[in-house]
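Chemist: Just the structure for this:
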Amino acid sequence: MDKQEARRFGLALMEKAEAAYLTTIDGNGFPQVRAMLNLRNRKRWPALAGIFDGHQHDLLMYFSTNTSAAKVAHIKANPKVSVYFCDPAQFHGLMLAGIVEIITDQRLKRQIWQDGWEVYYPGGVTDPDYTLLRLLPTLAKGWTGTAPFEFEL
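Modeler: Sure thing, here's the model as predicted:
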């Protein structure tokens with residue numbers, strides 16, 4: 001599988017995976033993994049598909065989270081993260097690694113905001129506990145079910 005095929009494979013997996021598993025490093029140097037909303041899942045979040053238009057090549061990823069969550073403290077101390085997408089039934093997987101950034105741009109936060117997120121952020125889009133994270137990965141690794149792949153972004 002060449003790099004372009006691997007990128008298409010990874011993108012397709014990102015767009016259908018139910019969850020994204022984000023890994024940060026805690027203050028003791030241990031990895032901490034948690035399931036996150038996969039905002040690139042076109043079926044679950046169709047209104048966000050346009051956000052990712054033009055980002056098929058760089059595999060950009062956004063995450064919404066609580067400002068008060070431990071992962072935000074981890075990221076402030078060490079912004080190196082990985083995120084994993086998978087289809088267990090097919091033995092397909094994609095791991096992206098890179099530096100994540102905390103987004104403070106209110107316009108972008110409003111653009112990504114989805115109805116129903118009040119359950120996580122009762123104050124709505126301006127809730128101080130609503131944080132947006134952006135990952136522009138630098139490395140992709142995966143498994144197609146029959147073969148591994150790896151490429152730099």
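Chemist: Do I have it right that residue 139 meets residue 97?
Modeler: Yes - between residue 139 and residue 97 there is a contact at 4.4 Å, judged by Cβ atoms under 8 Å. Backbone N, C-alpha and C define where each C-beta goes, glycine included.
Chemist: How far off centre is the longest helix along the chain?
Modeler: Secondary structure of the chain per DSSP state H: the longest helix is helix 3-16. Relative to the centre of its chain, helix 3-16 is centred 14 Å away, using Cα atoms, centre = their mean, to the nearest Å.
Chemist: Can you give me the pLDDT of the residue most central in space within the chain?
Modeler: Centroid-nearest residue in the chain, with Cα atoms, centre = their mean: residue 61, separated by 4.3 Å. On the pLDDT scale, residue 61 is placed at 98.
Chemist: Could you do residue 1 as well?
Modeler: Note on residue 1: pLDDT of 87.
Chemist: CA-only coordinates of the lengthiest strand in the chain in PDB, if you can.
Modeler: For the chain, the strand that runs over the most residues, judged by DSSP state E, is strand 92-103. Output in PDB follows, covering the C-alpha atoms of strand 92-103 (Å, rounded to 0.1, in the frame of the first residue of the first chain):
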ATOM      1  CA  HIS A  92      -8.600  -1.900  10.900                       C
ATOM      2  CA  GLY A  93      -6.800   0.700  12.900                       C
ATOM      3  CA  LEU A  94      -5.200   4.100  12.500                       C
ATOM      4  CA  MET A  95      -3.000   5.900  15.100                       C
ATOM      5  CA  LEU A  96      -2.200   9.600  14.600                       C
ATOM      6  CA  ALA A  97       0.500  11.400  16.600                       C
ATOM      7  CA  GLY A  98       1.400  15.000  17.000                       C
ATOM      8  CA  ILE A  99       1.200  18.200  19.000                       C
ATOM      9  CA  VAL A 100      -2.300  19.200  20.100                       C
ATOM     10  CA  GLU A 101      -3.200  22.800  20.700                       C
ATOM     11  CA  ILE A 102      -5.900  24.300  22.900                       C
ATOM     12  CA  ILE A 103      -8.100  26.600  20.800                       C
END
